[in-house]
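[1] Got a predicted model here, sequence first, then my questions.
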Amino acid sequence: KMDSFGLDLTISGHANSVATVAYSPDGSKLASGSHDNTIKVWNMSIGARGTLLLTIPNVSPHIGSLWWVQSVAFSPDGQNIASG
């Protein structure tokens, strides 16, 4: 039981506001989606918390240009990320 909530970690790196975040099923990664048109994947393992692993441009398949990221989700095995 948690009696209080507090800020545990601040991660900086997006050039615009972050709209969504999701933890991988095993908790080792965090994906963040932003209005800077990117998805960033962060290492959340102990000893490396908050280090950037990967930046993915969010390209719309319909118009072929960058698009705001409104949602991110990991697949059940943690190997893929879906965005919308």
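    That came through fine.

[2] now the strands for the protein?
    Applying DSSP state E to the chain gives strands spanning 18-23, 29-34, 38-43, 51-57, 72-74, 81-83.

[3] Okay, now the sheet partners of the fifth one, with direction.
    When you say that, I think you mean strand 72-74. strand 81-83 (antiparallel) (DSSP bridges).

[4] Also the third one?
    Strand pairing for strand 38-43, determined by DSSP bridges: strand 29-34 (antiparallel), strand 51-57 (antiparallel).

[5] Give me the average confidence score over the shortest one.
    I take that to be strand 29-34. Average pLDDT, strand 29-34: 95.

[6] quick one, what contacts the closest residue in space to Ser71 that isn't next to it in sequence?
    The shortest distance from Ser71 to any residue that is not its chain neighbour, by CB to CB, 6 or more residues apart in numbering, is 4.5 Å, and that residue is Gly84. C-beta coordinates here come from the backbone N, C-alpha and C atoms, glycine included. With contacts taken as CB atoms under 8 Å, 6 or more residues apart in numbering, Gly84 has the following neighbours: Val69, Gln70, Ser71.

[7] any idea how far Gly84 is from Val69?
    The gap separating Gly84 from Val69 is 8 Å, by CB to CB, to the nearest Å.

[8] Out of the strands paired with strand 38-43, which one sits most buried?
    Ranked by mean neighbour count, those are led by strand 29-34 with a mean of 22 (mean count of other CB atoms under 10 Å).

[9] Let me know the angle separating it from strand 18-23.
    Calculated by axes from the mean of the first three to the mean of the last three CA atoms, to 10 degrees, strand 29-34 forms an angle of 170 degrees with strand 18-23.

[10] can you list contacts of strand 29-34?
    Contact partners of strand 29-34, identified using CB under 8 Å, 6+ apart, comprise 11, 14-24, 39-44, 53, 58, 68-72, 74, 78, 81, 83.

[11] Just the buried residues out of those residues, in PyMOL syntax.
    Filtering these down to the buried ones (16 or more other CB atoms under 10 Å) takes a single PyMOL command:
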select buried, resi 11+14+20+22+24+39+40+41+42+43+44+58+68+69+72+74+81+83
